[in-house]
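S.K.: prediction below, plus the sequence it came from.
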Amino acid sequence: QVQLVVTGGGLVQAGDSLRLSCAASGSTFDNYAMGWFRQAQGKEREFVVIWSRSGNKIVYTESVKGRFTISRDNAKNTAYLQMNSLKPEDTAVYYCAARFTVDDSLYYGHPAYTYWGQGTQVTVSS
């Protein structure tokens, strides 16, 4: 079982950058497919970026391509979401999620994920 703690949200202006962190404990990343998701007020939770347990497969949602980048520090068991050129439409609560897996599959939908961080608010003002 893995526990996820998300930090790094805040209030920024359009064009600014933020970096979110997802620190895992109780297990290592090696056993989990993971993703960053977000949920804007009144909207469905959507994936921002997902990656396979190896990290070799990564998929970004179209609206963040070229602006957001994931990375991970295996020694710290922490994943990061670097968000650049933020837009007001990026405003949402951001979550980190994990799913135990024995293969290198990708999982697109949020119901596929078992473990969730607590979420952090990202607000981008125009």
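M.R.: All right, it came through fine.

S.K.: report the contact partners of the closest residue to residue 8 other than its chain neighbours.
M.R.: What sits nearest to residue 8 in space, not counting adjacent residues and going by C-beta to C-beta, 6 or more residues apart in numbering, is residue 20, at 4.1 Å. C-beta: built from backbone N, CA, C; applies to glycine. By C-beta atoms under 8 Å, 6 or more residues apart in numbering, the contact list for residue 20 reads 6-9, 36, 80-81, 83, 94, 96, 120, 122.

S.K.: next: residue 29.
M.R.: Residue 29 neighbours (C-beta under 8 Å, 6+ apart): 53, 55, 72, 74, 77, 79.

S.K.: off-centre distance for the host helix or strand of residue 82?
M.R.: Residue 82 belongs to strand 78-83 when assigned by DSSP states H and E. The chain centre lies 7 Å from the centre of strand 78-83; the measure is C-alpha atoms, centre = their mean, to the nearest Å.

S.K.: tell me the buried residues in the following helix or strand past that strand?
M.R.: Going down the chain from strand 78-83, the next helix or strand is strand 92-100, by DSSP H and E. Under the neighbour-count criterion of 16 or more other C-beta atoms under 10 Å, strand 92-100 has 92-99 buried.

S.K.: pick the one among these closest to residue 107.
M.R.: Nearest to residue 107 among the buried residues of strand 92-100: residue 99, at 5.6 Å, using C-beta to C-beta.

S.K.: now do the end-to-end distance for stretch 44-58.
M.R.: 22 Å (C-alpha to C-alpha, to the nearest Å).

S.K.: ok, and for that stretch, which residues are buried?
M.R.: 45, 47-53, 55.

S.K.: hang on, the earlier thing: among the contacts of residue 20, who's most crowded?
M.R.: residue 96 (29 neighbours; other C-beta atoms under 10 Å).
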